[in-house]
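Asker: Fold the following, please.
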Amino acid sequence: MADINNEQKQLIVSQKGFLDVDIDVNLDLFAEIEKLKKEKNAIILAHYYQEPDIQDVADYIGDSLGLSQKAASTDADMIVFAGVHFMAETAKILNPTKKVLLPDLNAGCSLSDSAPPELFKKFKDKHPEHLVITYINCSAGMKALSDIICTSSNAQKIVESLPADQPIIFAPDKNLGAYINKKTGRNMVLWNGACMVHEIFSREKIIKLKIRHPNAKVIAHPECEEPVLALADYIGSTTGLLKFSQTDPSNEFIVVTETGIIHQMQKTSPAKTFIPAPPNNLCACNDCPYMKLNTLEKLYLCMKYEMPEIIMDEELRLAAKKPIDRMLEISLRYGL
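Answerer: Got it, this is the predicted structure:
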């Protein structure tokens with residue numbers, strides 16, 4: 001593979017969002033990535049929804065809370081984030097002096113896109129007495145408008161840590177917000193955002209699946225809509241679903257979230273059966289198209305050439321860091 005100069009690399013990334021250059025087909029990408037980790041003192045952080053090859057080469061695999069905590073504590077010089085854009089942004093917010101890379105800048109998030117900061121600010125201004133709790137699946141601009149960030153792992157505890165009479169806006173996920181309202185008895189004002197993957201699951205098809213697998217337990221992520229959550233035997237974050245599948249005595253599970261988590265479930269419980277919940281049409285819509293943009297080839301090129309890199313305005317970074325710090329403090333207090 002011929003080397004390319006920085007100007008050529010920048011041009012490719014600006015046009016495509018990732019480095020699209022030829023790789024020797026005989027290259028052992030797993031070995032090369034391990035070599036690059038050592039040479040560059042790099043750490044690969046991967047979300048559970050990444051493709052299996054990326055999960056297997058990652059140094060840490062987790063959900064949004066675990067990834068945030070790991071990003072905040074790492075002593076690596078380079079953070080390679082195998083996830084989506086807001087996750088890499090969060091790592092940069094917490095590590096301004098480290099180089100943070102994302103294999104494909106096109107790896108966005110439908111939930112994050114559902115909350116443009118300029119529109120949310122107008123919404124927030126209509127509720128001046130409300131404290132803003134924002135789900136971490138959002139842009140740095142949204143985080144900067146927030147008082148506390150949360151994840152699906154800690155959202156309930158964060159809400160419960162506040163006085164019962166404190167008015168709250170919860171954004172951007174209306175389904176997670178409605179679930180937390182139900183669990184806590186609060187009446188938070190909800191922004192009308194949602195994840196396209198978690199809204200695609202079919203209640204009717206899950207019921208039919210339950211009839212065919214009567215002993216299977218339904219485990220669901222709280223980003224799903226309420227009629228789907230009503231079928232669940234357990235509702236939890238991605239890490240929560242993984243732990244439940246390990247400790248529960250059941251041998252069959254219907255998994256109502258992005259299918260990437262099933263790789264870890266099968267690795268940790270090889271004797272158990274995991275059935276992906278079907279979407280309400282014939283497409284593979286329970287795979288997040290953004291998460292699946294990252295590939296082993298893009299990961300290797302990203303590490304070799306150290307781009308695409310996440311760059312952030314310092315004023316925005318500092319504003320976005322405050323609510324993340326509050327989340328990490330509350331999570332530490334509750335042992336999350």
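Asker: what about Ile275, which SS state?
Answerer: Per DSSP: H, G, I helix; E, B strand; the rest coil, the secondary structure class of Ile275 is strand.
Asker: who's in contact with it?
Answerer: Leu209, His213, Ala216, Glu252, Phe253, Ile254, Val255 (Cβ atoms under 8 Å, 6 or more residues apart in numbering). C-beta coordinates here come from the backbone N, C-alpha and C atoms, glycine included.
Asker: Same question for Leu316.
Answerer: Here Leu316 is in contact with Ala140, Gly141, Ala144 (criterion: Cβ under 8 Å, 6+ apart).
Asker: secondary structure element for it?
Answerer: Using DSSP states H and E, the element containing Leu316 is helix 314-333.
Asker: middle-most residue in the chain, spatially?
Answerer: The residue at the geometric middle of the chain, judged as the C-alpha nearest the mean C-alpha position with Cα atoms, centre = their mean, is Ser64 (4.9 Å).
Asker: how close does that one get to Glu223?
Answerer: Distance, Ser64 to Glu223, using Cβ to Cβ, to the nearest Å: 11 Å.
Asker: Looking at the contacts of Leu316, state which has the most neighbours.
Answerer: Among these, Ala140 has the most neighbours (other Cβ atoms under 10 Å), with 22 neighbours.
Asker: Could you double-check that that residue sits in contact with Glu89?
Answerer: Yes - look at Ala140 against Glu89 with Cβ atoms under 8 Å: they come within range, at 4.9 Å.
Asker: Mutual contacts of these two, please.
Answerer: Overlap of the contact sets of Ala140 and Glu89 (by Cβ under 8 Å, 6+ apart) consists of Met312, Ala320.
Asker: For the stretch 101-250 of the chain, give me the ranges with low pLDDT.
Answerer: Low-confidence segments of the stretch 101-250 of the chain, defined by pLDDT under 70, are absent.
Asker: can you pull out the helices in it?
Answerer: 110-113, 117-125, 140-144, 155-160, 174-184, 203-212, 226-229, 238-247 (DSSP state H, counting those that start in this stretch).
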